[in-house]
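>>> I need the structure of the sequence given here:
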Amino acid sequence: MQYPRRLMKISVIGTGYVGLVAAAVFADYGNDVLCADIDAAKIEAIRRGKLPIFEPGLEPLVEHNVAAGRLRFTTSNAEAAVHGDVIFMAVGTPTLGSDGAADLSYLYQAAAEIGRNLSRHAIIVDKSTVPVGTAERITRIISEQTQLPFVVVSNPEFLKEGAAVDDFMHPDRIIIGTTDEPTRQVMHRLYQPFCRTNDRILFMDARSAELTKYACNAYLAARISFMNDMANLADSVGADIELVRRGMGSDPRIGNKFLYPGVGYGGSCFPKDIRALLTTAREHGHSLDIVASAERINEAQKLVLVRKLRKQCEGGVNGKTFGVWGLTFKPNTDDIREAPALKIVRTLAGDGARLRLHDPEGGPQFMAALGDTTASACTLVHDPYEAAEGAHALLLVTEWREYRSPDFERLKQLMARPALFDGRNQWDREHVEGLGFFYTGIGR
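Predicted structure coming up:
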């Protein structure tokens with residue numbers, strides 16, 4: 001198979017965080033990219049310039065490459081199969097049922113459509129997060145639909161929401177799972193522009209690539225849960241987890257990443273991937289006790305502010321008003337999937353509290369996810385100080401930058417009771433207590 005040295009014809013199936021970012025960045029590097037999604041309303045909105053996700057830097061990147069003619073969108077997976085020399089599958093793999101298994105139906109559907117419509121030799125790249133052995137299953141599905149030669153590659157993504165464009169352009173590593181030498185050469189040529197100063201492309205077999213993605217997320221989640229467990233112990237013994245964190249992070253064997261205590265992790269990756277990994281382990285006779293403990297600790301940690309609030313509120317929380325700052329699972333995204341704020345708000349509303357909510361980007365999605373019963377106890381406001389009006393306490397759940405240095409004197413005047421529940425240890429305890437606030441953080 002002959003490929004041009006520079007320009008490649010690339011297809012991307014899926015317009016979520018991974019697919020849309022990959023399509024836009026590949027186009028920005030000069031490739032001819034066709035991005036497909038079977039959701040016609042989503043594609044029409046993208047063509048009008050309205051992206052389905054909020055991701056810093058993505059909208060102008062899409063606009064620029066659409067205008068340049070390097071990036072196009074379609075609702076036809078068949079068209080994408082015909083277009084691409086390299087076809088990326090970046091469809092969702094959500095949790096299926098209560099056992100935590102990944103739902104691969106969208107991926108298998110896309111694979112079958114690719115197989116039915118292949119017109120020449122192609123490389124099919126699985127960019128979705130999938131259980132070990134999925135590349136082999138995709139190979140079988142496509143083989144049932146075509147006699148043309150093809151290769152399936154596992155190429156897991158390692159993008160952080162809120163920094164996905166920069167992560168794609170400046171990766172710390174690129175994992176490519178294939179043992180086919182010509183395919184390795186093509187994939188290396190495709191990704192080489194992102195590794196000009198240091199070749200960070202790691203080749204391995206597909207099963208190892210698939211497991212690498214899950215292992216990374218499980219390890220990072222375990223670090224977060226470990227620190228949250230230590231933070232709760234620090235509360236009990238009178239230690240300051242922030243000082244403990246600095247002491248730990250200064251050890252080069254440990255490092256300082258993912259050591260920040262808080263209200264637990266959420267999002268589209270960690271919770272889903274850990275459940276899928278635990279399911280895979282059970283299927284092969286392993287328990288993965290550390291990973292299972294990380295998940296259990298995380299679910300309990302999501303209610304740490306609720307426990308502290310119940311303890312401090314005389315007469316309970318029923319009938320009281322609380323402000324909540326930050327609804328998305330992390331800053332710089334509008335993603336509310338598995339966000340700790342969902343569990344916090346639902347629990348407090350179930351206790352009879354009234355909630356005033358603010359988030360820079362994720363408010364409408366959050367309200368839609370709550371359901372009518374819980375939403376009726378909540379008011380979504382467009383100004384963070386409005387969320388504090390008449391509040392018996394203000395809960396910081398997501399550490400958006402605009403919450404970092406608020407006007408505390410103004411907050412004190414607005415609130416019914418000057419009480420701050422800092423779920424991310426963002427505020428200086430001595431400072432706010434000196435202003436007359438009651439303050440509690442995580443492990444402090």
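>>> What helix or strand is residue 218 located in?
Secondary structure assignment for residue 218, by DSSP states H and E: helix 206-237.
>>> Which SSE is immediately downstream of that helix?
From helix 206-237, the next helix or strand downstream (DSSP H and E) is helix 241-249.
>>> Run the chain-centre distance for that following helix.
Remark: helix 241-249 is offset 26 Å from the chain centroid, using CA atoms, centre = their mean, to the nearest Å.
>>> send the alpha carbons of that helix over as CSV?
Provided in CSV are the C-alpha atoms of helix 241-249 (Å, rounded to 0.1, in the frame of the first residue of the first chain):
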residue,chain,number,x,y,z
ILE,A,241,-3.2,17.0,54.7
GLU,A,242,-1.8,19.9,52.6
LEU,A,243,1.5,19.7,54.6
VAL,A,244,1.5,15.9,54.2
ARG,A,245,0.9,16.2,50.5
ARG,A,246,3.9,18.5,50.1
GLY,A,247,6.0,16.2,52.1
MET,A,248,5.0,13.2,50.0
GLY,A,249,5.3,15.1,46.7
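>>> Can you give me the domain assignment for this structure?
9-204, 214-300, 302-440 (automatic domain parsing).
>>> Of all the residues in stretch 111-128, which ones are buried?
Along stretch 111-128, these residues count as buried under the neighbour rule (16 or more other CB atoms under 10 Å): 111-115, 117-118, 122-128. The C-beta positions use only the backbone N, C-alpha and C, and glycine is treated the same way.
>>> circling back to that earlier point, CSV for the domains of the chain, including mean pLDDT?
Below are the domains of the chain laid out as CSV (pLDDT from 0 to 100):
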stretch, mean pLDDT
domain 9-204, 94
domain 214-300, 96
domain 302-440, 96
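>>> which residues are contacting stretch 403-412?
Residues outside stretch 403-412 that contact it (CB atoms under 8 Å, 6 or more residues apart in numbering): 325-326, 384-385, 388, 394, 396, 418, 426, 431-432, 435-437.
>>> Any chance of CSV for those residues, columns distance to residue 141 and secondary structure?
Converted to CSV, those look like this (distance: CB to CB, whole Å; DSSP: H, G, I helix; E, B strand; the rest coil):
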residue, distance to residue 141, secondary structure
325, 46, strand
326, 42, coil
384, 49, helix
385, 54, helix
388, 54, helix
394, 52, strand
396, 47, strand
418, 60, coil
426, 48, coil
431, 59, helix
432, 58, helix
435, 62, coil
436, 65, coil
437, 59, coil
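>>> what about residue 339, neighbour count?
Neighbourhood size, residue 339 [other CB atoms under 10 Å]: 29.
>>> check contacts around it.
266-267, 327-329, 362, 366, 398.
>>> Just give the closest residue to it, not the sequence neighbours.
Using CB to CB, 6 or more residues apart in numbering and skipping the chain neighbours, the partner closest in space to residue 339 is residue 329 (4.0 Å).
>>> Could I get the contacting residues of the one you found?
Counted by CB under 8 Å, 6+ apart, residue 329 has contacts 265-267, 335-341, 398.
>>> if we go to 10 Å?
Contact analysis of residue 329 by CB atoms under 10 Å, 6 or more residues apart in numbering lists 161, 264-271, 335-342, 362, 397-398.
>>> now residue 50
Remark: with contacts taken as CB under 10 Å, 6+ apart, residue 50 is in contact with 42, 44, 59.
>>> hang on, it is in a helix, isn't it?
No - per DSSP: H, G, I helix; E, B strand; the rest coil, residue 50 lies outside any helix segment and is coil.
>>> distance of it from residue 95?
Going from residue 50 to residue 95 by CB to CB, to the nearest Å gives 28 Å.
>>> Residue 235 too?
Taken as CB to CB, the span from residue 235 to residue 95 is 32 Å.
>>> Next: residue 312.
Going from residue 312 to residue 95 by CB to CB gives 35 Å.
>>> mind listing the helices for the stretch 1-150 of the chain?
Remark: helices assigned in the stretch 1-150 of the chain by DSSP state H, counting those that start in this stretch are 17-28, 40-47, 58-67, 77-83, 105-117, 134-143.
>>> Could you export those helices as a markdown table, including distance to residue 178?
Listed next are those as a markdown table, based on distance: least, CB to CB, whole Å:
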| stretch | distance to residue 178 |
| --- | --- |
| helix 17-28 | 18 |
| helix 40-47 | 30 |
| helix 58-67 | 27 |
| helix 77-83 | 19 |
| helix 105-117 | 16 |
| helix 134-143 | 9 |
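>>> Please consider this matter closed, and thank you.
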